[in-house]
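In: Show me the folded form of this:
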Amino acid sequence: MVSIATLLASTAFAADSATHKVVHGVAIYLGVIPAEMILGHPKPHIEAEMHGGVPAGKHQYHVLVSLFDAASGKRIGGAKVSARVYEINRAGTQKKLEPMLIVDTITYGNYFNMPATNNPYRIQVRIELPGVADVIETEFDYQHARA
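Out: Predicted structure coming up:
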């Protein structure tokens, strides 16, 4: 529980980067972590069971999105968030990013199969805020770290 919260909290006040964008007044932070990091949690642990549990197989990554009001810095909850993750020039997968309550903060996430590749991944994020008619859409490019 603390590992994901720490990752997102540490980026919450970072300068603009490849994992941060402000779109229509919403600060959007992206995190991508190997699912293996979550496998070490005991079975009743919230991180071990979220999104139906860590999927079996290699190349599983947990894609996380945190939302903040850019003006006030307050975290945004109650949104409907989805992501399409694909290797550039390939089909990819679209999933709902499920809300997760971790250390009393809302973050959105789900697991995606992301094998190592020379091509970057594109992560398209779609956000519907409560009471707001316009949908926010943005995208991030992501490349696995190289050894």
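In: from here on, contacts and neighbour counts on C-alpha atoms
Out: Will do.
In: which residues does the most centrally placed residue in the chain bridge with?
Out: Residue closest to the mean C-alpha point of the chain, counted by Cα atoms, centre = their mean, is Leu64 at 1.6 Å. Taking DSSP bridges as the rule, Leu64 bridges to Gly31, Gly109.
In: doesn't Ile28 make contact with it?
Out: No. Using Cα atoms under 8 Å, Leu64 is not in contact with Ile28; the gap is 10.2 Å.
In: Run through the strands of the protein in chain order.
Out: 20-23, 26-34, 60-69, 80-87, 93-102, 105-113, 121-128, 136-142 (DSSP state E).
In: Adding mean pLDDT, write those out as a markdown table.
Out: Conversion of the strands of the chain to a markdown table gives the following (pLDDT from 0 to 100):
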| stretch | mean pLDDT |
| --- | --- |
| strand 20-23 | 96 |
| strand 26-34 | 94 |
| strand 60-69 | 94 |
| strand 80-87 | 97 |
| strand 93-102 | 91 |
| strand 105-113 | 92 |
| strand 121-128 | 97 |
| strand 136-142 | 96 |
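In: and the residue nearest to Pro34 when sequence neighbours are not counted, what does it touch?
Out: Distances taken as Cα to Cα, 6 or more residues apart in numbering place Tyr61 nearest to Pro34, at 4.4 Å, with adjacent residues excluded. Residues counted as contacts of Tyr61 (Cα atoms under 8 Å, 6 or more residues apart in numbering) are 32-35, 111-114.
In: Understood, closing this out.
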